[in-house]
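1. My questions are about this predicted structure, shown below with the sequence.
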Amino acid sequence: MTITALIPTRNRKDGLIRILESFVSYTSNIDKLEVIVLCDDDELYAETIVDNFKTTLNIKCIKNPRKLLPEIFNIGCRESSGEIIWLGSDDSVIRTHGWDNLVRNEFLKFEDRMILVYGDDLGLHGSSMATLPFVHVNLIKTLGYIAAPMFNHYYLDLWLHVILEGMERLFYLPDLKIEHMHHAISRSQHDETYINGEKYFLLDYGIWYKTESLRIKDAVKLQKFIESYKKTYENIPNIAN
């Protein structure tokens, strides 16, 4: 299964180079990794950086007029060709050799692929929340999105975490280390990108507490897919000797 990494970025030259270099250094099956860098059309560095990595990665840069983070992720998802999609970031970095095989092997345990996989972010949340989650295209096709479109910036990972946790389809891999270099734990500068996002926190906080019924509806959609897939799979004739 090919993994697509979605990496939104804005004027974080060093951070973007760092995550791309970690793909090159830590990915076991580089031919089964697609990287999509997502940025605004006035972003200063991404296009040049992506061009410099095209000899080592299957990578492309998608530029759009300024958009909110959920829409950016959903655009990237529509342009992806992978079966497993990672909601990545330019303030994260892979720390585990063979991370891609760890993720891929977890999805292979489920015929319907309807799970969420996440690792240790080494400080900000650890095992407590699925920051930087991996999901399968079956989930995205069923819900119609990878990033809940009612939000402006926050709660995209928590939305998926809560739904899949309630379905007992949430899987934490402690050996999967993807460091979140967040300014809140003094691993990066509190830059313009963080500041621009923070203005949406209270608005998204209010949206979160008004949308429990929508999370329940999404869980029902996913459960119906699982049940339908199970019935289809059980009806496949057994041709083994």
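-> Sure, I can see it.
2. Give me the distance between the residue positioned nearest the centre of the chain and Met150.
-> Geometric centre of the chain, nearest residue: Leu87, 1.6 Å, by CA atoms, centre = their mean. Note on Leu87: its distance to Met150, by CB to CB, to the nearest Å, is 16 Å. All C-beta atoms are positioned from the backbone trio N, CA, C, and that covers glycine.
3. mind showing which ranges of this protein have poor pLDDT?
-> Low-confidence segments of the chain, defined by pLDDT under 70: 232-241.
4. Tell me which stretches of it form strands.
-> 3-8, 33-40, 58-64, 84-87, 92-94, 116-120, 134-136, 170-180 (DSSP state E).
5. Output the ones you listed as TSV; include the columns distance to Tyr26.
-> TSV is the format used below for these (distance: least, CB to CB, whole Å):
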stretch	distance to Tyr26
strand 3-8	12
strand 33-40	10
strand 58-64	15
strand 84-87	13
strand 92-94	4
strand 116-120	12
strand 134-136	15
strand 170-180	9
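6. Kindly list the longest helix within this protein.
-> What stands out as the longest helix in the chain, according to DSSP state H, is helix 212-234.
7. which strands and helices sit next to that one?
-> In terms of contacts (3 or more CB pairs under 8 Å, 6 or more residues apart in numbering; DSSP states H and E), helix 212-234 is packed against helix 137-143, helix 156-166.
8. ok, residues contacting the last one?
-> With contact meaning CB atoms under 8 Å, 6 or more residues apart in numbering, helix 156-166 is reached by 69-70, 73, 87, 115-116, 118, 129-133, 135, 147-148, 151, 170, 208, 215, 218-219, 222.
9. let's see it at 6 Å
-> Applying CB atoms under 6 Å, 6 or more residues apart in numbering, the set of residues contacting helix 156-166 from outside is 116, 129-131, 133, 147-148, 170, 215, 218-219.
10. now, among those, which is nearest to Leu16?
-> Ranked by distance to Leu16 (CB to CB), the contacts of helix 156-166 are led by Thr131 at 18.3 Å.
11. residues contacting that closest one?
-> Contacts here follow CB under 6 Å, 6+ apart; on that basis Thr131 touches 121, 125, 157, 180.
12. Next one: the residue lying closest to the last one once chain neighbours are set aside from Pro133, what distance?
-> So the one you mean is His180. The shortest distance from His180 to any non-neighbouring residue, by CB to CB, 6 or more residues apart in numbering, is to Asp121 (4.0 Å). For Asp121, the distance to Pro133 equals 11 Å [CB to CB].
13. Please apply the same query to Ile17.
-> Distance, Ile17 to Pro133, using CB to CB: 23 Å.
14. Thr155 contacts Ile207, correct?
-> One thing to correct before we go on: residue 155 is Tyr, not Thr. No. Tyr155 is not in contact with Ile207 according to CB atoms under 6 Å; the separation is 7.5 Å.
15. Looking at the two, which is more packed in?
-> The residue with more neighbours, out of Tyr155 and Ile207, is Tyr155; 22 against 17, by other CB atoms under 10 Å.
16. related to what we said a few turns ago, so which of the helices and strands packed on helix 212-234 is the most packed in?
-> Among these, ranked by average contacts under mean count of other CB atoms under 10 Å, first place goes to helix 156-166 (a mean of 21).
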